[in-house]
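Peer 1: could you look at this predicted model? Sequence included:
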Amino acid sequence: MSRSRWSILTVIVVAQTGSISLLFGVPFLIPLMRETEGITLTQAGTVAAAPLLGLLATLIIWGALADRFGERLIMTIGILGTGVCGAGATLTDGTAALGLALVAAGAFGSSINVTSGRAILAAFDVSQRGLAMGIRQSAQPLGLSLAAVILPPVGLAWGYREALLVPAGICLVMGVVVAVVVPSHPREERSRVRAPSPYRDMRLWRVHLASTLLVWPQFVGGVFALTYLVSEQGWDPVSAGALLAVVQLLGAGGRIGVGVWSDRVDSRMRPMRIIAAAGTVSMIVWALGDVFAPALALFGLVAVTVIAACPNGLAFTATAELAGPAWAGRAMGVQNTGQNSMAMTVAPVFAAVVTAIGWPLALTAAAVFPLVAVGLTPVRGERSGGAAQAQPERALT
């Protein structure tokens, strides 16, 4: 069983990496998109945010379906659908049609977020769950790193739409692998558990809200780092993409590291609060560097991109533990919905703010979001509500 659960986790990480590289890799194509289509930064940012609309619309639905039918079926449908829609996006004409295809890809891709977290809740006990969820959450920076390395050069050679065929192909291959390897824990396999709603506890709401606020610095870095390096510091897209690929790898390591940290200190929220404070400081450093020193701005940009990626695994682990197996799919759907609601607004809103008031003030304003998250993170009494008693779902089957 020990060997099996690590195999399951490996397949989940590879599948989610492919999905992330498609759904969140579009920002690395923004300079090429603007050059090809002749559109503004705000328009390009809106297209880049299109997958989030699909994600937002379907997360809770996929979570409920995963609770009902199990992980294997829902994850397989989701990863295959993501690949098909991503490949279809290359056949579109105009940015509106491209955006619709990306919305559809996001709608399928959202299933992977909730089902993969639920599968890890089933496979790992509380002593290793932070590590496992951190590894699972490393798929996001790994996917962004893959996109940063592959999409700009392929886009330069073949066109920015055609570049999407690479992550789409990964999704299609991994759909077959998921169907073979990932187990399933549908509701019928449990002993008719009738758990009360975890939303009677305000801590779960605070976890959702704090992690939603932390999306802002994460997506400012993820969406606009390459554009900032190209437009403000004169980098070429390929070199900027290579740097950001390394940065995303650091972010992946950071997610795993904070997962281990949370297991060892027996807390998800204390590390999350510290990381939120560090994200506030790094955003201000980026803003000050833009005014006074390009090297300082680069340091702040890297720090924001790495640090902001770290707390996601903590929030998802806390959500799963507070919700319990009977509610895990739906609770992680709610968690993802809140985060993606925020993420969907970041690209167009931040682009408009930058256009109106410039980078330094826009970055300073962005620092408010993680600062508020520091106060909202529910550290007091974290373990008293039964998170430590949350058992692997397999114990209920």
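Peer 2: Structure received. Numbering: from 1, shown residues only.
Peer 1: from Gln339, how far out is the residue most central in space within the chain?
Peer 2: For the chain, the residue sitting closest to the mean C-alpha position, by CA atoms, centre = their mean, is Gln140 at 5.1 Å. Per CB to CB, to the nearest Å, Gln140 is found 11 Å from Gln339. Any C-beta I mention is one placed from the backbone N, CA and C, and that applies to glycine too.
Peer 1: now for those two: what residues contact both?
Peer 2: Asn312 (CB atoms under 8 Å, 6 or more residues apart in numbering).
Peer 1: Thr355: what secondary structure?
Peer 2: Of the three states, Thr355 takes helix according to DSSP: H, G, I helix; E, B strand; the rest coil.
Peer 1: I'd like the distance between it and Pro294.
Peer 2: Taken as CB to CB, the span from Thr355 to Pro294 is 21 Å.
Peer 1: what does Gly257 give?
Peer 2: Plainly put, Gly257 is 29 Å away from Pro294 if you go by CB to CB.
Peer 1: and Val372, by the same measure?
Peer 2: Per CB to CB, Val372 is found 29 Å from Pro294.
Peer 1: so, low pLDDT: which residues of the stretch 1-150 of the chain?
Peer 2: Counting by pLDDT under 70, the stretch 1-150 of the chain contains low-confidence ranges at 1-3.
Peer 1: same deal with the stretch 151-300 of the chain?
Peer 2: Where the stretch 151-300 of the chain drops to pLDDT under 70, the residues are 185-195.
Peer 1: if you set the cut-off to 80 instead, what comes out?
Peer 2: Counting by pLDDT under 80, the low-confidence segments of the stretch 151-300 of the chain come to 184-198, 201, 222-223, 237, 248, 252.
Peer 1: can you give me the strands in it?
Peer 2: Ranges of strands in the stretch 151-300 of the chain, per DSSP state E, counting those that start in this stretch: none exist.
Peer 1: and the helices in it?
Peer 2: Secondary structure of the stretch 151-300 of the chain, counting by DSSP state H, counting those that start in this stretch: helices at 165-181, 202-213, 215-233, 237-265, 269-292, 294-307.
Peer 1: how about Leu91, phi and psi?
Peer 2: The phi/psi pair for Leu91 (degrees, to the nearest 10) reads phi -90, psi 0.
Peer 1: please tell me how far it sits from Cys171.
Peer 2: 16 Å.
Peer 1: so which of the helices of the stretch 151-300 of the chain is the most packed in?
Peer 2: Compared across the helices of the stretch 151-300 of the chain, helix 215-233 shows the largest average neighbour count, a mean of 23 (mean count of other CB atoms under 10 Å).
Peer 1: put the alpha carbons of it into PDB.
Peer 2: Output in PDB follows, covering the C-alpha atoms of helix 215-233 (Å, rounded to 0.1, in the frame of the first residue of the first chain):
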ATOM      1  CA  VAL A 215      -4.000  34.300  -4.700                       C
ATOM      2  CA  TRP A 216      -3.500  38.000  -5.600                       C
ATOM      3  CA  PRO A 217       0.300  38.100  -5.100                       C
ATOM      4  CA  GLN A 218       0.600  34.600  -6.600                       C
ATOM      5  CA  PHE A 219      -1.100  35.600  -9.800                       C
ATOM      6  CA  VAL A 220       0.500  39.000 -10.000                       C
ATOM      7  CA  GLY A 221       3.800  37.100 -10.100                       C
ATOM      8  CA  GLY A 222       2.600  34.200 -12.200                       C
ATOM      9  CA  VAL A 223       0.800  36.300 -14.900                       C
ATOM     10  CA  PHE A 224       2.900  39.500 -15.100                       C
ATOM     11  CA  ALA A 225       6.400  38.500 -14.200                       C
ATOM     12  CA  LEU A 226       7.400  37.700 -17.800                       C
ATOM     13  CA  THR A 227       5.600  40.800 -19.100                       C
ATOM     14  CA  TYR A 228       7.300  43.000 -16.500                       C
ATOM     15  CA  LEU A 229      10.800  41.600 -17.400                       C
ATOM     16  CA  VAL A 230      10.200  42.100 -21.100                       C
ATOM     17  CA  SER A 231       8.500  45.600 -21.000                       C
ATOM     18  CA  GLU A 232      10.200  47.200 -18.000                       C
ATOM     19  CA  GLN A 233      13.700  45.600 -17.900                       C
END
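Peer 1: centre of the chain to it, how far?
Peer 2: 16 Å (CA atoms, centre = their mean, to the nearest Å).
Peer 1: equivalent analysis for stretch 211-220, please.
Peer 2: Mean C-alpha position of stretch 211-220 versus that of the full chain (CA atoms, centre = their mean) differs by 10 Å.
Peer 1: returning to that earlier point: number of residues surrounding the nearest residue to the residue nearest to the centre of the chain once chain neighbours are set aside?
Peer 2: Nearest non-adjacent residue to Gln140, counting by CB to CB, 6 or more residues apart in numbering: Ile20, 5.2 Å away. The tally of other residues near Ile20 (other CB atoms under 10 Å) stands at 25.
Peer 1: just checking, what packs against the host helix or strand of Ile20?
Peer 2: Element membership of Ile20 [criterion: DSSP states H and E] is helix 2-23. Where contact means 3 or more CB pairs under 8 Å, 6 or more residues apart in numbering; DSSP states H and E, helix 2-23 is packed against helix 50-69, helix 71-89, helix 95-123, helix 126-137, helix 139-158, helix 165-181.
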